[in-house]
Every structure is written in structure tokens, then in C-alpha cells.
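Asker: turn this into a model:
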Amino acid sequence: MALNPAWAVDIHNSDDRDYEVAVISEDEEGSSTFILYAGGSEEGVCESCRISVEGLGTIDAEGADSIEIVGGKLTKKSG
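Answerer: Predicted structure coming up:
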């Protein structure tokens, strides 16, 4: 099932290093892990989830939120 891109969480890595990212579904029943490369992005990773970034911590996101890694910190812009 494809997510509606207008209501799906995006992740952007503005740092110059790669990070391992885990996306944990809201019900914690499912998760996926991937490498987010320096300067890279992943769009539509979930509708409502917890995002864990290696060495940076976790952040909850939903809907059209945009998660960004900048200067070794996680930030969130609500959509």
C-alpha cells in the first residue's frame, strides 16, 4: 500500500556523514532500518512512527512532518 506523500514523514540528512536510521511503527509491531547517506533523503517513510538515528536519539513523527539531521542533531518541522 503506497502512502499519500502529502501525509507521510520525510527524513533529510544535511550532515556530511552517513547515519543508520530505524523507523518503528506507531504500534511498535513493525520496523525497518536503513542507511541515510550524507546529503541524502528518504521520503514517505511512515504515516506515524518513531525514528531512531544512530548516535543522535529518537523523535516521534506523523503526517507531513519533516525530520532533518543538521549539525549532529535531530530536528522536526511539522507539516
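Asker: which ones are touching the residue nearest the centre of the chain?
Answerer: For the chain, Ile11 is the residue whose C-alpha lies nearest the centre (Cα atoms, centre = their mean; 4.1 Å). Shown in contact with Ile11 (Cβ atoms under 8 Å, 6 or more residues apart in numbering): Val21, Leu36, Ser41, Glu42, Val45, Ile51, Ser66, Ile67, Glu68, Ile69. C-beta here means a position set from N, CA and C on the backbone, and glycine is covered the same way.
Asker: switch to 7 Å and redo it
Answerer: By Cβ atoms under 7 Å, 6 or more residues apart in numbering, the residues touching Ile11 are Val21, Leu36, Ser41, Glu42, Val45, Ile51, Ile67.
Asker: quick check, the fifth one in a helix?
Answerer: No. Counting by DSSP: H, G, I helix; E, B strand; the rest coil, Val45 is not found in a helix; it is coil.
Asker: my read: it touches Val23, true?
Answerer: Yes. Between Val45 and Val23 there is a contact at 5.0 Å, judged by Cβ atoms under 7 Å.
Asker: so the closest residue to Asp16 other than its chain neighbours, which of the three states?
Answerer: Counting by Cβ to Cβ, 6 or more residues apart in numbering, Asp16 lies nearest to Ala38, which is 5.0 Å off, once chain neighbours are set aside. The assignment at Ala38 comes out as coil when based on three-state DSSP.
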